[in-house]
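A.B. asks: I'd like to go over a predicted model; first the sequence, then the structure.
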Amino acid sequence: MKHIIKTNDSTPVDSFEMLNFRTSAMRSSEEYEILLKDDKAEVSFYNYRIVDGDYKRVLEKQVICDKEKVLKLLNDCKILAWDGFRGDHPKGVSDGTMFTLKAVVNDQKIYADGSENFPKYYREFNNGLRELLEAEGL
């Protein structure tokens, strides 16, 4: 894999291998995982919760969809421009949501994280992941 130096908002995503997007707050932790499988995208949604006394990653929903839908979401949200984003928690804010994004797109590893401080298109990306799961059904 190549190391991505810096991209701009216009760099297109034309391929992906995997994407992991995790959010957590005071009482919740969720994770979206997208894997390329046989030219289709497997989109999974997990909750982290206590099961039989242990904190576990529990699959809630999973769909198989056309990879072009995922590519459209990644491009609409300019996901390559997220690489290297580090959103430090704002002073004076007590609680909030933390996120981590790890992905392999265009044969390049990308990483972003933040705490109540998000990259451009964060909310659209989060909503788009939910819509992918809802549109494809369970």
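C.D. replies: That came through, no problem. For clarity, every value in this text was computed on a predicted model and none was experimentally measured.
A.B. asks: Which stretches in the protein count as strands?
C.D. replies: Secondary structure of the chain by DSSP state E: the strands cover 16-25, 28-37, 40-51, 54-66, 86-87, 98-105, 108-115.
A.B. asks: Residue 10 is nearest to which of these?
C.D. replies: Set against residue 10 and scored by Cβ to Cβ, the strands of the chain come closest in strand 98-105, at 14.8 Å. Where C-beta positions appear, they are placed from N, C-alpha and C, glycine not excepted.
A.B. asks: what bridges to residue 87?
C.D. replies: residue 114 (DSSP bridges).
A.B. asks: ok, now which ones touch it?
C.D. replies: 113-119 (Cβ atoms under 8 Å, 6 or more residues apart in numbering).
A.B. asks: And the pLDDT for it?
C.D. replies: On pLDDT, residue 87 comes in at 88.
A.B. asks: And it, how far from residue 105?
C.D. replies: Per Cβ to Cβ, to the nearest Å, residue 87 is found 20 Å from residue 105.
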